[in-house]
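1. fold the following for me, if possible:
(chains A, B, C and D)
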Protein chains: 2
Amino acid sequence: MTMPAAPKPASPRQNHLLDALPKAELEHLCTDLELVPLPLGKVLYESGEGLSHVYFPTTAIVSLLYVMENGASAEIAVVGNEGIVGIALFMGGETMPNRAVVQSAGQAYRLKGPVLKSEFARFGGRRHSSLQPLLLRYTMALLTQMAQTAVCNRHHTIDQQLCRWLLLSLDRLPSNELEMTQELIANMLGVRREGVTEAAGRLQSAGLIRYSRGHISVLDRPGLEARVCECYEVVRREFQRLLPSRPIA
Amino acid sequence: MTMPAAPKPASPRQNHLLDALPKAELEHLCTDLELVPLPLGKVLYESGEGLSHVYFPTTAIVSLLYVMENGASAEIAVVGNEGIVGIALFMGGETMPNRAVVQSAGQAYRLKGPVLKSEFARFGGRRHSSLQPLLLRYTMALLTQMAQTAVCNRHHTIDQQLCRWLLLSLDRLPSNELEMTQELIANMLGVRREGVTEAAGRLQSAGLIRYSRGHISVLDRPGLEARVCECYEVVRREFQRLLPSRPIA
DNA sequence: GAAGGTTAGTACGCTATGGTACAGAGAGGT
DNA sequence: ACCTCTCTGTACCATAGCGTACTAACCTTC
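-> As a prediction, the model looks like this:
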């Protein structure tokens, strides 16, 4: 069951990582958490650019993209309310050769880099932080998502990849509606826009979705799950296993 | 300059991660490091299987593969003397949905899981361990390699991918010779064996490599670099940036 | 040196996807 | 109501890579 559609007050607990923290620790962070709107298309960081903040999405979805020299792009991973944007900050290295762009508008809590770093390192000191193991497990799940993206890109059809993409997005949204043009989906998947049109047309004919000018209604989620490749389930299971506080679906 | 081909005595310092540790810390680990041979094809861990050890390759190269339900496979990343096999052990989660298989025979130092974990966690205590930040930065580099694999799978031709694969392997070997059948390369790249035959044939006609029954001699490395897609350089630069102790090339 | 296995090369048709061009269908402004 | 812009649908050809079948080199072993 997804939650009721009533406009809920924003709370850090809408992000599963923050929600998984012990009460005291979350409250400790709360003073530094800043709620920010993430409009569609906003670039949180650019390839190779240092990050000033990390973002814990609540209702927004962020795509990690690689943009090639010739301008073509491909989605590497997607981050919603189950995760955090900006792992390079606590993993070290400061930057990544990717771009993080808002794929579905919404909100996120952001935290200044130094605050996160000090909290992350506060491990084994007087007080045991549970943030570090949590973030590391999340990173593992992200790793799996990237690995599976590579596999999917190699072996699966656009139809299957579109199903995977829709399901991954759906899992990170409160409703069955998403605002997304075919053009943008094509950018994410790294395929032609026409390819998405055809694939989406097939899904629509099958009665699984309804598409109209940037708005997708998912009518038959089980139908999508029946068509998707194994990649989706592998990723979903891994997130659930590593971050069991709450199934991401 | 690659090192002279003389058979050197094995040393943990042949692995760049171990080599990057301060002397005292390496010596502390040395009692637990165990040199093991890694024959071609050996499976270090299976998808979803718990790991008892981590491996620091010195002369071996290990591939991380995803094996699909139908048996087809795709390489996710490759680990040589610049890295470590078994990051799930310190990242948490214990397992990964991949298989780690020896792609080029050689040696590695292995370390019992619990030893690594305790050393990894010995951070912020009385003594600051430099192992943790090192391994986390390595994980970031691995992340980039996976991301770039996804991009490469999406956008680049078999020829380009073969070049990338050869260069990545070359960077992890002391010589310009590799033992590798086209069949195996095809498994790694997740393409048909015939596709590799044709791509390799083109490289051979161009005088860049010589291929003969499982043995490849790279004759013209700059030639390969001229044909490879940007993915190779992105990964190489990222490894160099994050693990600057020694360029992996 | 003959036999059998492994590795590599070649050929042919098929399909998914890319490149390109253009037409239709909504939405929004004036 | 009309124009215009954005988004979607369709069509056509080109091509990279797949599936399959077969042949040709080469290596090993008897």
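
2. what about the strands in chain A?
-> Assigned by DSSP state E, chain A shows strands spanning A:34-38, A:43-45, A:53-57, A:61-67, A:73-79, A:99-104, A:106-112, A:177-179, A:209-212, A:215-218.

3. got the angle for the third one vs strand A:61-67?
-> The one in question is strand A:53-57. Put simply, strand A:53-57 runs at 130 degrees to strand A:61-67, going by axes from the mean of the first three to the mean of the last three C-alpha atoms, to 10 degrees.

4. got it, and the fifth one?
-> Computed by the same axes, to 10 degrees, the angle separating strand A:73-79 from strand A:61-67 equals 150 degrees.

5. is there proximity between strand A:73-79 and DNA strand C?
-> No. Strand A:73-79 stays clear of DNA strand C (C-beta under 7 Å from any atom of the strand), getting no nearer than 9.9 Å. In this view, the C-beta of every residue, glycine as well, is placed from N, C-alpha and C.

6. which neighbours in the sheet does that strand have, and how are they oriented?
-> Sheet pairing for strand A:73-79, assigned by DSSP bridges, gives strand A:61-67 (antiparallel).

7. could you pull up the mean pLDDT of the partner strand?
-> Mean pLDDT, strand A:61-67: 97.

8. now do that strand: everything it contacts.
-> Here strand A:61-67 makes contact (C-beta atoms under 8 Å, 6 or more residues apart in numbering or on different chains) with A:38, A:44, A:47, A:55, A:73-80, A:85, A:96-104, A:106, A:108, A:169, A:172-173, A:187-188, B:147-148, B:150-151.

9. and for stretch A:174-190?
-> Contacts for stretch A:174-190 (C-beta under 8 Å, 6+ apart): A:2-3, A:5, A:40, A:59, A:63, A:65, A:72-75, A:103-105, A:153, A:158, A:161-162, A:165-166, A:169-170, A:192-193, A:195-197, A:200, A:211, A:213-219, A:221, B:151, B:154-155.

10. quick check: buried residues in it?
-> With burial defined by 16 or more other C-beta atoms under 10 Å in any protein chain shown, the residues of stretch A:174-190 counted as buried are A:178, A:180, A:182, A:184-190.

11. re earlier: which ones among the contacts of stretch A:174-190 lie within helices?
-> A:153, A:158, A:161-162, A:165-166, A:169-170, A:193, A:195-197, A:200, A:221, B:151, B:154-155 (DSSP state H).

12. selecting buried members of those residues in ChimeraX, what would you type?
-> Per 16+ other C-beta under 10 Å, the buried members of these correspond to this ChimeraX selection:
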select /A:153,158,161,162,165,166,169,170,195,196,200 /B:151,154,155
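
13. if we can go back for a sec, give me the buried subset of the contacts of strand A:61-67.
-> Using 16+ other C-beta under 10 Å as the burial test, the contacts of strand A:61-67 include A:38, A:44, A:55, A:73-80, A:85, A:96-104, A:106, A:108, A:169, A:172-173, A:187-188, B:147-148, B:150-151 as buried.

14. residues contacting residue A:119?
-> Residue A:119 touches A:28-29, A:129, A:131, counting by C-beta under 8 Å, 6+ apart.

15. up against DNA strand C, what does chain A have?
-> Residues of chain A lying near DNA strand C (C-beta under 7 Å from any atom of the strand): A:156-159, A:190-192, A:194-195, A:212-213.

16. thanks a lot, see you next time.
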